[in-house]
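Colleague: sharing a model that was predicted from the sequence below.
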Amino acid sequence: MICVLAGGVGAARFLSGLIQVVAPSDITAVVNVADDFVLHGLAISPDLDTVTYTLAGEVDPETGWGLRGETWTTMASLERYGGITWFRLGDRDLATHLYRTQRLAEGATLHGVTAEITSAWGIGVRVVPVTDLPLRTLVTLDDGTEVDFQEYFVHRRHEVAVSAVRVAGAESALAAPGVLEAIGQAETVVVAPSNPVVSIGPLVAVPDVAAALRARRERCVAISPIIGGRALKGPADRLMRELGHEASVVGVARLYRDLAATLVFDDVDADLADAVAAEGVRPVVGPTVMSDPDAAAALARLALRAADS
């Protein structure tokens, strides 16, 4: 079995490659929920939904999130009323949030609802939230204002400088059912190429998850989302610099060295292999840009080989 620690778009693309290499039923994706939030009274889980839609082959190929062929009638009507529309919810996508909200109100757990949703989409991968308990990523801006992650990431388009990030609720959170077993029993644990601060950071902020990962360090392979000092998508490089980390594969190695014995990173950073090794992390160099499904599958093969190197 393979266990993948996952954020949003980058992790979803990696998983779409992994299912070409490993039977979907042998994969468990443990997904970040610290950017979940409530809007219009609806429980929204962006990373869970991005992973689900991608594995179902229904994600919007242009954005990497949402559903392909989406329509926006509800948002147009909401805009007429002057409602909140900065977080766009397509008409088809709304059904997912309506169903999740209904089931949670009926007393279902988040991991249970996620299993129902992924089953409805015919997904063979087991997709589980890292915890059923509330987690919330809060971002402190340079002016001292603390805002919810979606306010920073979507509403302000992550264009504002950040001085701190914290995960509220992490200290008392417990892994969702199946998470610790997936980590402990996995032949290989893969940290997907997701933002180390706001996608993977909340997963390892959950105490029992962090302990389980440390116990499996030698079988854990991380994939750097930083290539040539930059993130291909999103603010990972800027967040790392703003929070005092080096925005490079060496900086990624420092963040992950207690959890992962191996770091896979792109050929363009091959000259940093010795510096990565100096951090106590085994360097594995190869192509990591998932430009198409074949490239994603090749990265999955590289990550699995790296665990045995």
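Modeller: Happy to help now that I have it.
Colleague: tell me where the protein has helices.
Modeller: When assigned using DSSP state H, the helices of the chain occupy the ranges 9-18, 46-55, 73-81, 91-105, 110-120, 149-150, 179-185, 201-205, 207-215, 236-242, 249-256, 273-278, 293-307.
Colleague: so, low pLDDT: which residues of the chain?
Modeller: For the chain, applying pLDDT under 70 flags no range at all.
Colleague: switch to 90 and redo it
Modeller: 8, 62, 232-234, 307-309 (pLDDT under 90).
Colleague: per-domain residue ranges of it.
Modeller: 2-132+172-307, 136-168 (automatic domain parsing).
Colleague: tell me who's in contact with the spatially most central residue of the chain.
Modeller: Centroid-nearest residue in the chain: G7, 0.3 Å away (criterion: C-alpha atoms, centre = their mean). Counting by C-beta atoms under 8 Å, 6 or more residues apart in numbering, G7 touches V31, N32, D47, A192, S194, N195, V198, S199, I200. Quick note: C-beta positions are derived from backbone N, CA and C, even for glycine.
Colleague: repeat for G83
Modeller: Contacts of G83 by C-beta under 8 Å, 6+ apart are H40.
Colleague: now the residue nearest to the centre of the chain, nearest residue through space, not along the chain?
Modeller: S199 (2.5 Å; C-beta to C-beta, 6 or more residues apart in numbering).
Colleague: surely that neighbour and V31 touch.
Modeller: No - with contacts counted by C-beta atoms under 8 Å, S199 stays clear of V31, the gap being 9.3 Å.
Colleague: have a look at the two and say which one is more surrounded.
Modeller: More neighbours surround V31 than the other of S199 and V31, with 32 against 28 (other C-beta atoms under 10 Å).
Colleague: who's the more buried one bridged to?
Modeller: On the basis of DSSP bridges, V31 is bridged to A6, P129.
Colleague: that one and G64, how far apart?
Modeller: For V31, the distance to G64 (C-beta to C-beta, to the nearest Å) stands at 15 Å.
Colleague: off-centre distance for stretch 146-159?
Modeller: 17 Å (C-alpha atoms, centre = their mean, to the nearest Å).
Colleague: and if you look at stretch 200-220?
Modeller: With C-alpha atoms, centre = their mean, you get 14 Å for stretch 200-220.
Colleague: could you shift the numbering so residue one becomes 30, and keep it that way?
Modeller: Renumbered: residue one is now 30, and that last one reads stretch 229-249.
Colleague: hmm, who's touching it?
Modeller: With contact meaning C-beta under 8 Å, 6+ apart, stretch 229-249 is reached by 34, 36, 59, 61-64, 159-160, 164, 166, 194, 196, 199-200, 202-204, 208-209, 212-213, 215-221, 223-224, 287-291, 336.
Colleague: show me those residues that map onto strands.
Modeller: L34, V59, T166, V194, V196, T217, V218, V219, V220, T291 (DSSP state E).
Colleague: of the residues you listed, which pair is most distant in space?
Modeller: Largest separation among the ones in strands among the contacts of stretch 229-249 by C-beta to C-beta: V194 and T217, giving 28.3 Å.
Colleague: re earlier: if any of the contacts of stretch 229-249 are buried, give me the PyMOL selection for them.
Modeller: Here is the PyMOL command that selects only those of the contacts of stretch 229-249 that count as buried (16 or more other C-beta atoms under 10 Å):
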select buried, resi 34+36+59+61+62+63+64+159+160+164+166+194+196+199+202+204+208+209+212+215+217+218+219+220+221+223+224+288+289+290+291+336
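Colleague: re earlier: what's the most buried one of the domains of the chain?
Modeller: Sort the domains of the chain by mean neighbour count, taking mean count of other C-beta atoms under 10 Å, and domain 31-161+201-336 sits at the top with a mean of 19.
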